[in-house]
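Participant: here is my input, please return the structure:
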Amino acid sequence: MSMQLPQRVKIVEVGPRDGLQNEPEVVPAEIKIGLIDRLTDAGLPMIEATSFVSPKWVPRMADAAQVMAGIRRKAGVGYPVLVPNMKGLEGALAANAEEVAVFAAATETFSQRNTNCSIAESFERFKPVIETALAHGLKVRGYISVALVCPYEGEVDAQAVVPVARQLYDMGCYEISLGDTTGAATPGKTQQLIEALARHVPVNKLAGHFHDTYGQALANILASLQMGVAVFDSSVSGLGGCPYSPGATGNVATEDVLYMLDGLGIETGVSMQQLLVASEFICGFLRRPSVSRAGRALLAKRRRAAQAAA
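Facilitator: Residues are numbered from 1 along each chain as shown. Just a heads-up that it's a prediction; the model follows:
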């Protein structure tokens with residue numbers, strides 16, 4: 001495997017969906033729309049906007065259609081939505097979504113806890129979703145939850161992830177995001193997984209989705225970059241988590257990822273200053289500071305400069 005770092009990386013912003021769906025209070029549609037529009041202004045190439053799921057199970061996403069109708073879409077920017085079944089896909093199509101995402105799990109226990117079905121049953125469930133989406137000209141992205149460590153079964157054997165990834169790829173997913181749902185993975189484990197998967201799925205079809213529970217997310221991203229992965233999911237201000245993964249904190253913060261990539265000279269097309277605008281907007285509504293270390297430091301630096309100039 002090549003150890004040369006990619007020249008450009010695609011950051012997939014998941015805060016509006018993966019982040020806000022786990023907030024204790026309902027975030028109004030207008031705030032979600034305001035956040036997505038600010039993330040668009042920051043130059044993010046892909047922003048996971050919402051999910052078309054049952055309001056009974058995920059009440060925070062009940063306004064999916066309203067959000068999709070209200071955002072200011074920019075040419076060249078993707079606004080994928082999560083769909084768990086055909087009903088969700090129908091909602092996505094009605095909302096003029098151009099890309100959808102489906103999700104599977106790498107362990108049977110997590111699959112049962114998350115979707116009340118086995119891994120095999122989950123594939124049967126979203127097989128017609130993928131086929132119909134592709135028939136309508138939509139792009140389909142695949143997620144694999146607990147691809148490295150499961151909160152119920154512990155460390156996940158890379159060989160157990162291979163058939164899940166391969167099946168998603170064979171079914172038509174153009175990209176497969178590997179989820180470190182518990183945030184417990186380490187760089188060596190991450191590289192072992194990518195090496196195993198690369199024998200069955202092209203590396204340029206893989207993405208990393210790292211949570212920062214154990215402070216390993218940036219290290220895992222760097223380890224992934226060394227293996228040729230050039231797509232990473234992150235969440236503005238580190239919003240989010242997983243209700244099915246007890247003790248897991250939020251996704252790695254987009255500001256932290258961008259700061260590292262900028263420092264490595266890797267192109268992203270994302271403006272840090274505009275990203276901080278989006279961060280301040282959502283943190284202001286939530287009435288709490290960002291958990292991004294780079295974001296907090298840069299905002300403090302900006303405030304000191306403004307005070308000195310006053």
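Participant: how much space separates residue 70 from residue 208?
Facilitator: 30 Å (C-beta to C-beta, to the nearest Å). For glycine as for every other residue, the C-beta is placed from the backbone atoms N, C-alpha and C.
Participant: ok, those two, which is more surrounded?
Facilitator: It is residue 208, of residue 70 and residue 208, that has more neighbours when counted by other C-beta atoms under 10 Å, with 29 against 15.
Participant: which outside residues touch the helix or strand that one falls within?
Facilitator: For residue 208, the element it lies in under DSSP states H and E is strand 206-210. Outside strand 206-210, the residues that touch it by C-beta atoms under 8 Å, 6 or more residues apart in numbering are 12, 14, 143, 165, 175-180, 183, 185, 190, 194, 197-198, 216-217, 220-221, 224, 229, 231-233, 251-252.
Participant: could you list the low-pLDDT ranges of this structure?
Facilitator: The chain contains residues with pLDDT under 70 at 1-3, 241-249.
Participant: can we see that at 90?
Facilitator: Within the chain, the segments meeting pLDDT under 90 span 1-4, 21-26, 54-60, 114-115, 240-250, 303, 305-310.
Participant: okay, how far is it across stretch 15-32, tip to tip?
Facilitator: For stretch 15-32, the first-to-last residue distance is 10 Å (C-alpha to C-alpha, to the nearest Å).
Participant: can you check stretch 79-93 too?
Facilitator: 13 Å.
Participant: which parts of the stretch 201-310 of the chain are helices?
Facilitator: 217-226, 254-263, 272-286, 293-309 (DSSP state H, counting those that start in this stretch).
Participant: any chance of these in CSV, plus mean neighbour count and distance to residue 20?
Facilitator: CSV is the format used below for those (neighbours: other C-beta atoms under 10 Å; distance: least, C-beta to C-beta, whole Å):
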stretch, mean neighbour count, distance to residue 20
helix 217-226, 22, 19
helix 254-263, 22, 14
helix 272-286, 19, 8
helix 293-309, 13, 17
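Participant: got the ones you listed as JSON lines, with distance to residue 45 columns?
Facilitator: JSON lines is the format used below for those (distance: least, C-beta to C-beta, whole Å):
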{"stretch": "helix 217-226", "distance to residue 45": "17"}
{"stretch": "helix 254-263", "distance to residue 45": "12"}
{"stretch": "helix 272-286", "distance to residue 45": "13"}
{"stretch": "helix 293-309", "distance to residue 45": "20"}
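Participant: what's the angle between the strand holding residue 208 and helix 254-263?
Facilitator: Taking axes from the mean of the first three to the mean of the last three C-alpha atoms, to 10 degrees, one finds strand 206-210 and helix 254-263 inclined to each other by 130 degrees.
Participant: can you list the strands that strand 206-210 pairs with?
Facilitator: strand 175-180 (parallel), strand 231-234 (parallel) (DSSP bridges).
Participant: just to revisit the earlier point, quick one, which of the contacts of strand 206-210 are buried?
Facilitator: 12, 14, 143, 165, 175-180, 183, 185, 190, 194, 197-198, 216-217, 220-221, 224, 229, 231-233, 251-252 (16 or more other C-beta atoms under 10 Å).
Participant: show me what contacts the closest residue in space to residue 298 that isn't next to it in sequence?
Facilitator: Nearest non-adjacent residue to residue 298, counting by C-beta to C-beta, 6 or more residues apart in numbering: residue 276, 6.1 Å away. Residue 276 makes contact with 255, 295, 298, 299, 302 under the criterion C-beta under 8 Å, 6+ apart.
Participant: in the strand holding residue 208, what counts as buried?
Facilitator: 206, 207, 208, 209, 210.
Participant: what angle do that strand and helix 217-226 make?
Facilitator: Going by the same axes, to 10 degrees, strand 206-210 makes 170 degrees with helix 217-226.
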